[in-house]
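Participant: sequence first, then the predicted structure:
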Amino acid sequence: MANPLLHVFLLGVMLPVASSMKPFCSSKMDEGKAVEGKEDDKQLQYYYNEGKGACFPFFYKGLEGNENRFNTDMQCMKACSEKFEELYPAADGVCGLPVDHGSCFAMLLMHYYNAEEGNCRVFHYSGCQGNGNRFETREQCLQTCMAKAGRFGGAMEPGPNPDESSTNAGLIVGILGGIVFAVAVISAIVLFVVQRKEKSRKGSEQVPTLEMK
């Protein structure tokens, strides 16, 4: 006879894991439909890929679609992934994470906190995935992480910006990388649509029959 206490224990372990993922997280990416007359107005969004356990970017056309659609990678991971707290710890917990460029193809100029140097540095973010040690500006990075350094005996005042001379060049590279990133996403979506239409066409073809004479 099965032990009822064992069942209670297993339910207690499994239910929080199951409840952490919303039902729509298993939905496939849906780019929706374009608003009439605004076919070029697309929004960069993120969807959760259940098979890969990560969020990926896509362009939303503006109408319909499904709920597996988020403004940022962070929002997407929070709703759908058990790794959210590991990748995006609360408050200044992100400051101890290693720099993570992500796995896409853009080169967006961002900042991260280098715990060994006790300073905020520039890096190029690929546009998807990565972790919470990622800030749009040096000021955001300093405000979040330098206070933590002060509490643990580190320097409260930030040192000189070691990346100042390369920031302008980084901005140019980031802009170009963003363009490449957008083209890559559009190409992937076009390929996905073409393949889906091709499968649909093949499925609707009838097998020819020979007329008996």
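Facilitator: Happy to help now that I have it.
Participant: outline the domain layout of this protein.
Facilitator: 24-31+39-88, 90-187 (automatic domain parsing).
Participant: wait, isn't Phe24 in contact with Asn68?
Facilitator: Yes - taking contacts as Cβ atoms under 8 Å, Phe24 lies within contact range of Asn68: 5.0 Å. All C-beta spots, glycine's among them, are computed from the backbone N, C-alpha and C.
Participant: weakest of the domains of the chain in terms of mean pLDDT?
Facilitator: Sorting the domains of the chain by mean pLDDT places domain 90-187 lowest, at a mean of 80.
Participant: hang on, the earlier thing: neighbour count for Phe24 and Asn68, which is higher?
Facilitator: With neighbours defined as other Cβ atoms under 10 Å, Phe24 and Asn68 compare such that Asn68 has more, 24 against 14.
Participant: quick check: nearest residue in space to that one, chain neighbours excluded?
Facilitator: Ser27 (4.1 Å; Cβ to Cβ, 6 or more residues apart in numbering).
Participant: can you check Lys28 too?
Facilitator: Closest to Lys28 by Cβ to Cβ, 6+ apart is Asn68, at 7.5 Å.
Participant: now for Phe70: which residues touch it?
Facilitator: 45-48, 55, 76, 79 (Cβ atoms under 8 Å, 6 or more residues apart in numbering).
Participant: and those residues, which of them are buried?
Facilitator: 45-48, 55, 76, 79 (16 or more other Cβ atoms under 10 Å).
Participant: nearest to Leu108 among the residues you listed?
Facilitator: Tyr46 (14.2 Å; Cβ to Cβ).
Participant: can you tell me which residues contact the closest one?
Facilitator: Tyr46 neighbours (Cβ under 8 Å, 6+ apart): 55-58, 69-73, 75-76, 128.
Participant: just give me the closest of these to Val94.
Facilitator: Asp73 (13.3 Å).
Participant: my guess is that closest one meets Gln129, correct?
Facilitator: Yes - between Asp73 and Gln129 there is a contact under Cβ under 8 Å: 6.4 Å.
Participant: will you turn the contacts of Phe70 into TSV that also has secondary structure and distance to Gly102?
Facilitator: Formatted as TSV, those follow (DSSP: H, G, I helix; E, B strand; the rest coil; distance: Cβ to Cβ, whole Å):
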residue	secondary structure	distance to Gly102
Gln45	strand	16
Tyr46	strand	12
Tyr47	strand	16
Tyr48	strand	15
Cys55	strand	10
Cys76	helix	13
Ala79	helix	19
